[in-house]
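A.B. asks: this one's structure only:
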């Protein structure tokens, strides 16, 4: 999710790329239809596998949430928090499949904004420091029934406010951790927030439990639609994707890689936070899990180029570029490896790193690496005779 506060407009124009101009360099027509088809099919399978893992870990989170709300305790809350972190690992690697109008961010019914929208105005959902009665949870007058439809319709203020987030990973995160008001830890929401009666640490524990259960179910439901869209041997988006013109398929793949590398991750998620030094501008600000978000996004870009995810692997874009321009392929492989390694080197928590000299230097190294690889992604598109690769974030 991007934020209209910064209206980043990043255009990666193929005409500016320098690689692949040698008249002796093999062109797109030297690639066989079989090679191109294999790359499309590898991509479709890895997308399916990663969304399937995201769904499986979301269901595991749902089980922990159900156990916790049925019998609130510190151990139950801790188990739900750990399950949330595990659920973020595969989902982060799926973000390279965005930005080209695929199932995740289809203009009409894509679930991305329900799944991963940020930054979040916490007071839209529940109490915050200094506002004990704020949020949907504490407003039974306007929200008497906390149903899936009510909460989904309320997301982003019904389309009027991008920070009015009511669903998705970060709403769940807030309900588990609460606000992060501390330098030495993530949020410290007490498990007693989910109790009723004299032992409760906040009113409306029953509504809070219902809200958490409902948004977790919505998360599972939305991820299921993505698994269904990419499942093999069905009349779905995957079937369409593997049947489209190879150059168009490659354009979509490279668009996802390029926008995530440059506009979204290096720009919106990292550069903005570096500029403002504001913890509210970090992605997973309640749990202090932002460093893992960055690593997994970088891995997702690398996965697309190499044609792999987990135990799934096959010919990726690299298999084509290594034939057309081995030097470019070697360079981009190294750049992708560097961006992942640099991301892994960012100290946690991110909200402290943006205000410390060593942390800022490591974050800047990652930003620079992501932008360097985005230039090679542009060169890759040119080599594949894709006329332009323009990425607009607005």
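C.D. replies: That came in fine, so what should we check first? This is a predicted model, so every value here is computed, not measured.
A.B. asks: Helix, strand, or coil at residue 283?
C.D. replies: In three-state terms, and counting by DSSP: H, G, I helix; E, B strand; the rest coil, residue 283 is coil.
A.B. asks: begin at 28 from here
C.D. replies: Yep, numbering from 28; the last one is residue 310 now.
A.B. asks: Counting neighbours, what do you get for it?
C.D. replies: When neighbours are counted by other CB atoms under 10 Å, residue 310 registers 27. For glycine as for every other residue, the C-beta is placed from the backbone atoms N, C-alpha and C.
A.B. asks: wait, doesn't it sit right on residue 295?
C.D. replies: No - taking CB atoms under 8 Å as the definition, residue 310 is not a contact partner of residue 295, at 9.3 Å.
A.B. asks: Name the nearest residue to residue 117, sequence neighbours excluded.
C.D. replies: Nearest residue to residue 117 in three dimensions, chain neighbours excluded: residue 80, at 3.8 Å (CB to CB, 6 or more residues apart in numbering).
A.B. asks: no wait, residue 337
C.D. replies: Looking at residue 337 with CB to CB, 6+ apart, the closest residue is residue 76, at 6.1 Å.
A.B. asks: And the one you found, its phi and psi?
C.D. replies: Dihedral pair for residue 76: phi -60, psi -40, per degrees, to the nearest 10.
A.B. asks: how much space is there between it and residue 70?
C.D. replies: Residue 76 sits 11 Å away from residue 70, going by CB to CB, to the nearest Å.
A.B. asks: who's more crowded, these two?
C.D. replies: More crowded of residue 76 and residue 70, by other CB under 10 Å: residue 70, with 28 against 18.
A.B. asks: Name the nearest residue to that one, sequence neighbours excluded.
C.D. replies: residue 280 (5.8 Å).
A.B. asks: now the helices: where do they sit in the stretch 278-421 of the chain?
C.D. replies: 299-303, 317-333, 344-351, 353-371, 377-380, 384-410 (DSSP state H, counting those that start in this stretch).
A.B. asks: my bad, the stretch 128-277 of the chain
C.D. replies: According to DSSP H, counting those that start in this stretch, the helices that the stretch 128-277 of the chain contains are 139-143, 175-181, 183-186, 196-204, 232-257, 264-270, 273-285.
A.B. asks: Mind telling me which of those helices the model trusts least?
C.D. replies: Ranked by mean pLDDT, these bottom out at helix 183-186, which scores a mean of 91.
A.B. asks: Just give me the neighbour total for the closest residue to residue 223 other than its chain neighbours.
C.D. replies: Excluding the flanking residues, the one nearest residue 223 by CB to CB, 6+ apart is residue 232, at 4.9 Å. Residue 232 has 20 neighbours, counted by other CB under 10 Å.
A.B. asks: Quick check, residue 232 in contact with residue 221.
C.D. replies: Yes - Residue 232 is in contact with residue 221 according to CB under 8 Å; the separation is 4.9 Å.
A.B. asks: which residues are in contact with both of those two?
C.D. replies: Residues touching both residue 232 and residue 221 (CB atoms under 8 Å, 6 or more residues apart in numbering) are residue 99.
A.B. asks: returning to what we had before: please list all residues in contact with the residue nearest to residue 223.
C.D. replies: 99, 219-223.
A.B. asks: I'd like to know how far it sits from residue 321.
C.D. replies: From residue 232 to residue 321 the distance is 34 Å (CB to CB).
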